[in-house]
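[1] sequence first, predicted model second:
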Amino acid sequence: MVITIRDDGRGIDRARVRAKAEANGLIQPDQVLSDQELLQLIFAPGFSTAAQITNLSGRGVGMDVVKRTIEGLRGTIDIQ
């Protein structure tokens, strides 16, 4: 089974992900990451780029739980 989820067309703001990961101590400011390694940071427990809590972001089940559940079903997640 393949489940495809598409966003609003803006994609993932990689600079924002990197800045938040650096601020949270997940990576060092000068650390070199591949695009795929950078995108995988969104699965870190408690990770969010939301500036404030809204009905759509910054609360609820984190992407770490989503990934763990999918992997528990022997599935994979691929971000493009």
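    Arrived safely, thanks for sending. Residues are numbered from 1 along each chain as shown.

[2] how far away is residue 5 from residue 23?
    26 Å (CB to CB, to the nearest Å). Yep, even glycine has a C-beta here, placed from its N, CA and C like the rest.

[3] please identify which of those two sits among more neighbours.
    residue 23 (10 against 6; other CB atoms under 10 Å).

[4] and the more buried one, how far from residue 11?
    Remark: distance between residue 23 and residue 11 (CB to CB) = 21 Å.

[5] which element, helix or strand, includes residue 21?
    helix 14-23 (DSSP states H and E).

[6] for the next helix-or-strand element following that helix, name the packing helices and strands.
    Downstream of helix 14-23, the next assigned helix or strand under DSSP H and E is helix 35-40. Helices and strands touching helix 35-40, by 3 or more CB pairs under 8 Å, 6 or more residues apart in numbering; DSSP states H and E, are helix 14-23.

[7] outside of the helix it packs on, which residues touch it?
    By CB atoms under 8 Å, 6 or more residues apart in numbering, the residues outside helix 14-23 that reach it are 27-29, 33, 35, 38-39, 41-42, 44, 47-49.

[8] same check on stretch 3-13?
    Against stretch 3-13 from outside (CB under 8 Å, 6+ apart): 39, 42, 49, 79.

[9] buried stuff in stretch 12-28?
    Counting neighbours by 16 or more other CB atoms under 10 Å, one finds that the buried residues in stretch 12-28 are 17, 18, 20, 21, 27.

[10] so how far is the helix holding residue 21 off the chain centroid?
    Centroid separation for helix 14-23 versus its chain: 10 Å, with CA atoms, centre = their mean, to the nearest Å.
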